[in-house]
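**Q** Predicted structure and sequence below. I'll ask about it afterward.
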Amino acid sequence: MSRAQRLLELIQILRGHRYPVSGEALAAELDISLRTLYRDIATLQAQGADIRGEAGVGYILQPGFML
């Protein structure tokens, strides 16, 4: 899977959850390392995605984000 496909898949996964998802669960679902997940989330945030993360809670995509 290319990086662009992975980033799109990450957005789609986050869109499908109403509650925070742990980094470990996201990394496992995408079959990537936790460090790669952190980099991907930082990339999406830099591109304008309103992804919120909290240690011990997880990540959530705020409503209203459009590709």
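**A** Cool, the structure landed.
**Q** which stretches of this protein have low pLDDT?
**A** 65-67 (pLDDT under 70).
**Q** Walking through it, point out its strands one by one.
**A** 51-54, 58-61 (DSSP state E).
**Q** how about these in TSV, adding distance to Thr36 and mean neighbour count?
**A** Backbone N, C-alpha and C define where each C-beta goes, glycine included. Formatted as TSV, those follow (distance: least, Cβ to Cβ, whole Å; neighbours: other Cβ atoms under 10 Å):
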stretch	distance to Thr36	mean neighbour count
strand 51-54	15	14
strand 58-61	14	19
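**Q** for the residue sitting nearest the centre point of the chain, what are its contacts?
**A** In the chain, the centroid-proximal residue (Cα atoms, centre = their mean) is Leu10; its distance is 4.7 Å. Neighbouring residues of Leu10 by Cβ atoms under 8 Å, 6 or more residues apart in numbering: Leu26, Leu30, Leu37, Asp40, Ile41, Leu44.
**Q** Same question for Leu30.
**A** Leu30 sits in contact with Arg6, Glu9, Leu10, Ile13, Leu37, where contact means Cβ under 8 Å, 6+ apart.
**Q** Between these, which sits nearest Gly48?
**A** Ranked by distance to Gly48 (Cβ to Cβ), the contacts of Leu30 are led by Leu10 at 14.3 Å.
**Q** Let me have the contacts of Leu10 in CSV, extended by distance to Glu54.
**A** CSV is the format used below for the contacts of Leu10 (distance: Cβ to Cβ, whole Å):
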residue, distance to Glu54
Leu26, 14
Leu30, 20
Leu37, 15
Asp40, 17
Ile41, 12
Leu44, 17
